[in-house]
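**Student:** just the structure for this:
(2 chains, ligands or ions: 2)
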Amino acid sequence: MQTSKRHFLKCTGTLLAGVAAYRLAYATAHPEAKPDAAKQYILIHDQTQCIGCDACAIACRQTNQVPAEVSRLTIVRHGPYGEYPNQQYHFERQSCQQCENAPCVMVCPTGAAYRDPQTGIIKVDDWKCVGCQYCIAACPYQVRFINPVTRAADKCDFCAETKLKQGELPACVQACPTQALQFGDSLDKDAQVRKTLNSAAVIRDNESLGTRPKVFIIADAKGEVTI
Amino acid sequence: MSAFHFDSLVWHWPIAIYLFLAGISAGAMFFAILLKYACLKQTAHESKFILAACIIAPISVFLGLGILVVDLTKPLDFWKILVFYNPRSVMSVGVIILMIYQVFMFAWIAAVYAKPIQTWLGLRFTPINKLLTWLAQQHASITGLLLILSLSLGAYTGFLLSALPGYPMLNNPVLPLLFLISGLTSGAAGALLLGVLLKGQPDSKEVKFIHKIEIPLILVELSIIFTFFMGLVLSGGQKQVAAATAIGAGFWGWVFWLGIIGVGLSVPLA
Ligand code: SF4
Ligand code: SF4
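**Tutor:** Ligands and ions are numbered 1, 2, ... in the order given. Prediction:
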């Protein structure tokens, strides 16, 4: 009994230490953000220019064949703010934030939710996805959904499989009549997005979560704080 | 998709039942091991309560897995979870644990019942006989590993939920502990109940032993729940709101209440 107890404790200790060391080593050896990527695509939504016309959402649906009951991109209207007749709305873009530190990639058991190392875009491998919906629960921005046609998780991928493949800008960026959306490679020194990042007061949604979104926002001054 | 995006409800109900069943299985196994080693020793295969635990553990874990697979949007592709691993995913690690757990669970059950099965088999099927003898010899190591595995399984269900950054209610370090203890108590309670139904003696030494461990466990559990919700309230902001919605009407609240209050009440009755 004595020896078996000692044996058992030894086994337990080794196993636990091994598991802990493995997790730690893995976490340090694989930081999620990959600065050596060829490109780092980012998007900037300038709320001060956005008029809430929904052109981006409609273009997205057409380009990426998004079924009617789900959407990759929605514009949410907040307001009205102010006293009549000086009333204004404030528009928020809801779509995948292309997190640098993406919870969806972290939790996916099969690796179907992954980061494309070439572009930094978070994509879904339809074939690998089993539809466990863990990523839907893990995404703090609640932008993932199950595509009723493919039965796989789906969300905005900056039109990686459609417009980007043809060398064009994402559909939403092209459709915007007020140029409220800017898209580009943040590693490219001459890119317009880079200049904007350096000159405008950009924010990111829910920064405290540590997800490091690559969708940036130029916040609208319109809106009000209820006290 | 509004069902997934309701504030305090992450997945829909089948997942809650799966987590609950996995916890029960781990708990039943855990108590069977404790019973055998601290109380029954070599006579374990005669106990109705060990039998009950050995029935509950496989059934609940299979039922849970079945629910999990059926709940995938592509149930026929479930094998992909077994083929592709993501070592950073709690779910993936959990599936590995679950698989190894099942192997050791059956090995343990076979080892406990090695003698009766061998007598029943007589001289037929010698390979099985040999396997059983071998398992019985390895009993100590199997027990040790199974103990660790059942504890990991119990805690894993909690980690699964606490890995969700967007839900202040669940993204909480106390949660895995709560799930572990809640699973252990429910599993033990289940084994007790079934043991009594199988005509085990309600005043036998096994029952006394389980009660001796279980009552402190329930008290610990209550204090963890208290810590859990107090922690939510004291950290304020979003977490406070989450606590308020969950205790009363939230679905997870329902699971907690059913598992803890329901089973917690049925133990003293049994
Ligand atoms: S916003 Fe959601 S879906 Fe997009 S990368 Fe972040 S966690 Fe993943
Ligand atoms: S639903 Fe698909 S993409 Fe999402 S976590 Fe599960 S397997 Fe991965």
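
**Student:** run a quick neighbour tally on residue 221.
**Tutor:** As the question left the chain open, I've gone with chain A. Using other Cβ atoms under 10 Å in any protein chain shown, A:A221 is surrounded by 8 other residues. In short, each C-beta sits where N, CA and C put it, glycine included.

**Student:** oops, wrong one, chain B.
**Tutor:** B:E221: 21 neighbours (other Cβ under 10 Å).

**Student:** check A:L164 too.
**Tutor:** A:L164 has 17 neighbours, counted by other Cβ under 10 Å.

**Student:** and what of B:E214?
**Tutor:** Neighbours of B:E214 (other Cβ under 10 Å): 21.

**Student:** and it, helix, strand or coil?
**Tutor:** With DSSP: H, G, I helix; E, B strand; the rest coil as the basis, B:E214 sits in helix.

**Student:** using the three-state scheme, assign B:V61.
**Tutor:** What three-state DSSP gives for B:V61 is helix.

**Student:** quick one: residues contacting the closest residue to it other than its chain neighbours.
**Tutor:** Leaving aside its sequence neighbours, B:V61 sits nearest to B:S25 (Cβ to Cβ, 6 or more residues apart in numbering or on different chains; 3.9 Å). Contacts for B:S25 (Cβ atoms under 8 Å, 6 or more residues apart in numbering or on different chains) come out as B:56-58, B:60-61, B:64, B:105, B:150, B:153, B:187.

**Student:** go with 7 Å
**Tutor:** Counting by Cβ atoms under 7 Å, 6 or more residues apart in numbering or on different chains, B:S25 makes contact with B:57, B:60-61, B:187.

**Student:** so for the helix or strand hosting A:V76, mean pLDDT?
**Tutor:** If you go by DSSP states H and E, A:V76 is part of strand A:74-81. The average pLDDT within strand A:74-81 is 90.

**Student:** what pairs with the helix or strand just after it, parallel or antiparallel?
**Tutor:** Using DSSP H and E, the helix or strand that follows strand A:74-81 in sequence is strand A:88-94. Using DSSP bridges, strand A:88-94 pairs in its sheet with strand A:74-81 (antiparallel).

**Student:** how about residues contacting the partner strand?
**Tutor:** The contact list for strand A:74-81 (Cβ under 7 Å, 6+ apart) reads A:52, A:54, A:56-57, A:87-94, A:222-224.

**Student:** restricting to C-alpha, output that strand in PDB.
**Tutor:** The C-alpha trace of strand A:74-81 is given here as PDB (Å, rounded to 0.1, in the frame of the first residue of the first chain):
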ATOM      1  CA  THR A  74     -24.800  45.200 -40.100                       C
ATOM      2  CA  ILE A  75     -25.000  48.900 -39.500                       C
ATOM      3  CA  VAL A  76     -26.700  49.700 -36.200                       C
ATOM      4  CA  ARG A  77     -28.400  53.000 -35.800                       C
ATOM      5  CA  HIS A  78     -28.200  54.700 -32.400                       C
ATOM      6  CA  GLY A  79     -30.200  57.800 -31.600                       C
ATOM      7  CA  PRO A  80     -31.700  60.200 -32.400                       C
ATOM      8  CA  TYR A  81     -29.700  62.500 -30.300                       C
END
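
**Student:** near A:L73, how many other residues are there?
**Tutor:** A:L73 has 23 neighbouring residues, counting by other Cβ under 10 Å.

**Student:** surely it touches A:C156?
**Tutor:** Yes - the pair formed by A:L73 and A:C156 meets the contact definition of Cβ atoms under 7 Å, at 5.9 Å.
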